[in-house]
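Visitor: everything below, folded, please.
(one chain, ligands or ions: 1)
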Amino acid sequence: MRFLVMNGPNINLLGLREPGIYGSESYADLLQKIEAHAKAIGVETGFFQSNHEGALVDAIQAARGEYDGIVINPAAYTHTSIAILDALKAVALPAVEVHISDVREREEFRRISYAGMACEASFIGLGFDGYLRGLDFLKERLASGKKA
Ligand code: DQA
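Guide: Numbering: from 1, shown residues only. Alright, predicted model coming up:
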């Protein structure tokens, strides 16, 4: 099983950006954690991060035929991007949404998630662990052969 772990704008600045909200560990630390977990549960991962909405749409489209599922943290585009929602729907790969912070407890504008409307599960406010739980979910979902 191969899963694409996608991150949107400013996630590359983890560790520097608002550490009180996102923690002091870097994007490289995040990838390391995800890779170690993927190895432990026996799945493969690819990574993609971009600060550009269209690049994220391109990467979702390119995932078709290459990956069995998508773990996505669209970051700020979560709350604005119908293009990312449509791309996820178009490729119809099983997808889960991750947010490091608890977006439900922050500003009102963070409560809407367009991408989440195309996702089978959301892992919110669990820090980096949300990505690991997302991989667990996709692995089980595919192993059980459940249809979306
Ligand atoms: C985020 C939450 C978003 O509201 C914010 O714009 C981000 C990160 C999170 O992981 O908590 O950039 O997706």
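
Visitor: and L4, helix, strand or coil?
Guide: Assigned by DSSP: H, G, I helix; E, B strand; the rest coil, the conformation of L4 is strand.

Visitor: for the residue nearest to it when sequence neighbours are not counted, give me its contacts.
Guide: Among residues not flanking L4 along the chain, Y67 sits closest, at 4.4 Å (Cβ to Cβ, 6 or more residues apart in numbering). C-beta: built from backbone N, CA, C; applies to glycine. Counting by Cβ atoms under 8 Å, 6 or more residues apart in numbering, Y67 touches R2, F3, L4, G46, L93.

Visitor: quick check on Y67: phi, psi?
Guide: phi -130, psi 160 (degrees, to the nearest 10).

Visitor: where's it relative to L14, distance?
Guide: 23 Å (Cβ to Cβ, to the nearest Å).

Visitor: list the beta-bridge partners for the residue most central in space within the chain.
Guide: Nearest to the mean C-alpha position of the chain, by Cα atoms, centre = their mean, lies I72 at 1.8 Å. Bridge pairing for I72 (DSSP bridges) gives the partners M6, E97.

Visitor: surely it and Y114 touch.
Guide: No - applying Cβ atoms under 8 Å as the test, I72 and Y114 come out as separate, 11.4 Å apart.

Visitor: quick one: the strands in this protein, in order.
Guide: Using DSSP state E, the strands found in the chain span residues 2-7, 44-49, 69-73, 95-99, 121-124.

Visitor: neighbours around L30, how many?
Guide: Neighbours of L30 under the rule other Cβ atoms under 10 Å: 25.

Visitor: between the strands of the chain, which gets nearest to A38?
Guide: The closest of those to A38 is strand 44-49. By Cβ to Cβ, the value is 4.5 Å.

Visitor: other SSEs contacting that closest one?
Guide: Using 3 or more Cβ pairs under 8 Å, 6 or more residues apart in numbering; DSSP states H and E as the contact test, the elements touching strand 44-49 are strand 2-7, helix 27-41.

Visitor: deepest-packed of these, please.
Guide: Comparing the helices and strands packed on strand 44-49 by mean neighbour count (mean count of other Cβ atoms under 10 Å), strand 2-7 ranks first with a mean of 23.

Visitor: thank you kindly, that will do.
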